[in-house]
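Participant: Return a 3D structure for these sequence lines:
(one chain, ligands or ions: 2)
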Amino acid sequence: MNEVLLEKEQVSINALKVLSRLSEHGYQAYLVGGSVRDILLNQTPKDFDVATDAHPEDVHELFRNSRMIGRRFKIVHVRFGRDIIEVATFRASKNIEETDQTERGLLLSDNDYGSFEEDVFRRDFTINALYYSPDTHKVTDLVDGQADIDAKIIRLIGEPESRYREDPVRMLRAIRFKTKLGFSIDPNSEQPMFKLGYLLQDVSPARLFEELLKLFMSGQANVVFDELLAYDIFGWLFPDAKRAMNQYPAKNLIREALLSTDRRIEQDLPVTPAFVYAALLWYPFVDEKRRLEQEGASHPDASNEAAANVIAKQLLFTSIPRRFSTPMREIWNLQFRLPNRKKAKALVGHKRFRAAYDFLLLRELAGEKLDNLGAWWTKYQEDNPTERQPTKPRRRRWPRRTQEKPS
Ligand code: ATP
Ligand code: MG
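Facilitator: Numbers count the residues shown, from 1 in each chain. Ligands and ions are numbered 1, 2, ... in the order given. Next comes the predicted model:
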């Protein structure tokens, strides 16, 4: 067993409060996961996760400011203002024969509690399985996670293929940590990813949406896109978008939208998944609209029906909450109104004008020939600077949602 020291100052006060209260009540309590990993990498942790032998009900009882969440695996959120400490109970190791699994190996329910050692081996990657105890100031490392951090390697704990089958989201997590940390995936952990993308079909669309949000809003969405394509995973998440790449400049448009999202995050400007999803599904939408028009439907009916069809199909794979699908449809609809230059003044006042104009520019960048409409609108706005409604500056806020957690 390796032990590493960690400076208490680097741990959030709130996390320390949770740890010490648990330990005062006789429970084991450790900081674990991304926070320990990030501190060891000299980075500021995004959030703090705690692992304990206290059951969720007991944790909830100890903290007035807490609530129990999750179905597949119950965890407790202890809230300090905007700061949330996530407390999970040690998980039991799985006797695969006896557990609730689908034919492809997916774990369906996971509420058996276990010991510290068992919990360690249920974690996904070695770099995420380091446990810090504030009592001893020591990091306990049963899986050589520190060595992998030093070598910048993402390595699954246990037999990779069955760990992906248990929870295919681990493939997306591997990609996320690879891009976020600039690590490489150990070949044994990497090899199965090339052929197991289809397993993502078994994961709930809501969970995939949450995971994709982290990937696309990471500031490195463009790199993530390449990874999803390289591992042959993209098509299992966005089948229509993948297919559209054969016939339309879909890949260019998605790339431009992701690059623009990355640039805006870099500049601390607001970003919305609605824009990214509008780009992902634009050509499937155009294609469906064309098909409906060939069947005799005309605009705007064809447009509305095409949007409804394409979104309904995507929802079978990843959910898109209405607060994003509504603006996404508005961006699409405006594409058919922007060529109407005579109505420029009214259009500029539309609340989705800016996004629709940005989207138009991306379509041109992607290779669509639109009679220099983008340049026309750029000039129009320069010539009429007062027409645009000032938009309220908005903070970028992603509500932390109930996450279904590990298996
Ligand atoms: P981030 O920096 O994004 O918070 P993280 O590693 O802390 O990264 P979380 O989603 O917060 O990721 O999860 C906390 C910890 O729970 C992980 O570090 C890992 O130990 C464990 N974990 C999370 N998801 C899984 C999973 N799908 N399978 C196994 N273990 C998981
Ligand atoms: Mg975390």
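
Participant: Which other helices and strands does the longest helix seen in the chain contact?
Facilitator: Longest among the helix segments of the chain by residue count, using DSSP state H, is helix 273-294. Counting contacts by 3 or more Cβ pairs under 8 Å, 6 or more residues apart in numbering; DSSP states H and E, helix 273-294 is packed against helix 205-216, helix 239-244, helix 250-266, helix 301-314, helix 322-335, helix 353-366. From N, CA and C alone the C-beta is placed, and that goes for glycine too.

Participant: I'd like the distance from the next helix or strand after the fifth one to the chain centre, please.
Facilitator: Next helix or strand after helix 322-335 toward the C-terminus (DSSP states H and E): helix 344-348. Helix 344-348 has its C-alpha centroid displaced from the chain centroid by 35 Å (Cα atoms, centre = their mean, to the nearest Å).

Participant: before we move on, back to that, turn the helices and strands packed on helix 273-294 into JSON lines, including mean neighbour count, mean pLDDT and distance to ligand 1.
Facilitator: Putting the helices and strands packed on helix 273-294 into JSON lines (neighbours: other Cβ atoms under 10 Å; pLDDT from 0 to 100; distance: least, Cβ to the nearest ligand atom, whole Å) gives the following:
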{"stretch": "helix 205-216", "mean neighbour count": "19", "mean pLDDT": "97", "distance to ligand 1": "7"}
{"stretch": "helix 239-244", "mean neighbour count": "20", "mean pLDDT": "98", "distance to ligand 1": "23"}
{"stretch": "helix 250-266", "mean neighbour count": "20", "mean pLDDT": "98", "distance to ligand 1": "16"}
{"stretch": "helix 301-314", "mean neighbour count": "17", "mean pLDDT": "97", "distance to ligand 1": "23"}
{"stretch": "helix 322-335", "mean neighbour count": "19", "mean pLDDT": "97", "distance to ligand 1": "21"}
{"stretch": "helix 353-366", "mean neighbour count": "20", "mean pLDDT": "97", "distance to ligand 1": "28"}
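
Participant: Those residues of the stretch 1-150 of the chain touching ligand 2, which are they?
Facilitator: Taking Cβ under 5 Å from the ion as the contact definition, the stretch 1-150 of the chain meets ligand 2 at Gly33, Gly34, Asp47, Asp49.

Participant: Who are the contact partners of the third one?
Facilitator: What that stands for is Asp47. Gly34, Ser35, Ile84, Ile85, Glu86, Arg400 (Cβ atoms under 8 Å, 6 or more residues apart in numbering).
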